[in-house]
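Visitor: no sequence on this one, just coordinates:
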């Protein structure tokens, strides 16, 4: 399964309203991933906990270096609206 497809499938656990995914292949043997996830599940959850949620979901890909670097923006729908 391609890395983008894998990430999107796994992130679907968060019932995201919006996912923006940018992948730079071949960085240090793994991909450099920039991920924006907008989900109601982030309401009332600290930024650190949101990042931990996503890191946990992608733990296999991080452990085997499929993902070498991961940049996360994890927002509620209201936060996403304010960024537009």
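Guide: Perfect, thanks for sending it. Just so it is clear, the model here is predicted, and its values are computed rather than measured.

Visitor: how far is the host helix or strand of residue 8 from where the chain is centred?
Guide: In this structure, residue 8 sits in helix 3-11 according to DSSP states H and E. Computed by CA atoms, centre = their mean, to the nearest Å, the separation of helix 3-11 from the middle of its chain amounts to 9 Å.

Visitor: partners of whichever helix or strand comes after that helix, with directions?
Guide: Stepping forward along the backbone from helix 3-11, the first helix or strand reached (DSSP H and E) is strand 18-27. If you go by DSSP bridges, strand 18-27 pairs up with strand 30-38 (antiparallel).

Visitor: what about the partner strand, average pLDDT?
Guide: Mean pLDDT, strand 30-38: 94.

Visitor: which residues does it contact?
Guide: By CB atoms under 8 Å, 6 or more residues apart in numbering, the residues outside strand 30-38 that reach it are 3, 7, 11, 14, 16-25, 54, 65-77, 79-80. Yep, even glycine has a C-beta here, placed from its N, CA and C like the rest.

Visitor: which among those residues end up buried?
Guide: 3, 7, 11, 14, 16, 54, 66-68, 70, 72-76, 80 (16 or more other CB atoms under 10 Å).

Visitor: going by distance to residue 42, which of those wins?
Guide: residue 76 (4.8 Å; CB to CB).

Visitor: need the pLDDT of that closest one.
Guide: So residue 76 comes in at 97 (pLDDT).

Visitor: if anything else comes up later, I'll come back, but that's it for now.
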